[in-house]
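>>> can't give you the sequence, but here's the structure:
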């Protein structure tokens with residue numbers, strides 16, 4: 001049973017301190033973070049309900065300056081649409097995991113078809129294997145595109161030096 005935990009702090013260093021302590025205190029996973037603005041940073045965790053509660057409590061307690069902690073929240077069994085929206089948060093991109101689960105289900109279905117139902121001839125076997133390979137290739141292509149897009153977005157334009165006053 002997954003639950004969702006959020007710690008909101010003023011400043012990135014307090015958020016890092018809270019996240020480190022939370023992850024060390026219990027078996028939780030950081031699913032992302034968001035810089036809200038005005039120095040506010042929210043960090044989202046997921047895991048078992050007891051682990052998330054322990055992690056959030058420990059993360060809030062460890063922040064050296066208590067006035068830097070704005071708030072915290074633990075939600076047991078959050079609505080899937082909430083998780084989907086939070087996955088657009090900066091940090092680990094989990095959206096491919098949803099697609100990956102769909103692909104895994106499709107692969108399992110193809111494997112079940114091959115193992116449980118007798119395949120009539122070699123052409124059907126090859127088509128099933130090709131379908132699995134296509135799903136894997138599609139997943140690799142989407143990951144490659146995401147990495148390429150991220151790299152292109154991070155490039156900064158280099159401006160030439162001004163030649164004013166130089167002869």
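Cool, the structure landed. As the structure is a prediction and not an experimental result, all values here were calculated from the model.
>>> surely residue 3 meets residue 82?
No: between residue 3 and residue 82 there is no contact under C-beta atoms under 8 Å: 11.2 Å. In short, each C-beta sits where N, CA and C put it, glycine included.
>>> Tell me the strands beside the strand or helix carrying residue 46, with direction?
Assigned by DSSP states H and E, residue 46 belongs to strand 40-48. Sheet pairing here is set by DSSP bridges, and for strand 40-48 it gives strand 2-10 (antiparallel), strand 29-37 (antiparallel).
>>> Buried residues, it. List them.
Of the residues in strand 40-48, 41-47 count as buried by neighbour count, 16 or more other C-beta atoms under 10 Å.
>>> what about the strands paired with strand 40-48, which gets the closest to residue 146?
Proximity to residue 146, assessed across the strands paired with strand 40-48 by C-beta to C-beta, is greatest for strand 29-37 (14.7 Å).
>>> State the mean pLDDT of that closest one.
Mean per-residue pLDDT for strand 29-37: 89.
>>> Flag every buried residue along that strand.
For strand 29-37, burial by neighbour count (16+ other C-beta under 10 Å) applies to 30-34.
>>> for stretch 126-142, same thing?
Counting neighbours by 16+ other C-beta under 10 Å, stretch 126-142 gives 128, 135 as buried.
>>> do the same with stretch 56-76
For stretch 56-76, the neighbour count (16+ other C-beta under 10 Å) marks 56-60, 62-63, 68-69, 72, 74-75 as buried.
>>> Identify the farthest-apart pair in those.
For the buried residues of stretch 56-76, with distances taken as C-beta to C-beta, the pair at the greatest spread is 68 and 75 (22.6 Å).
>>> burial measure for residue 20, as a count.
13 (other C-beta atoms under 10 Å).
>>> Could you do residue 19 as well?
22.
>>> try residue 9
Neighbours of residue 9 (other C-beta under 10 Å): 26.
>>> how about the residue lying closest to it once chain neighbours are set aside, secondary structure?
Excluding its sequence neighbours, the residue lying closest to residue 9 (C-beta to C-beta, 6 or more residues apart in numbering) is residue 15, at 4.5 Å. Recorded secondary structure, residue 15: helix (DSSP: H, G, I helix; E, B strand; the rest coil).
>>> Using TSV, please lay out the buried residues of strand 29-37 together with distance to residue 126.
Below are these laid out as TSV (distance: C-beta to C-beta, whole Å):
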residue	distance to residue 126
30	43
31	39
32	41
33	46
34	47
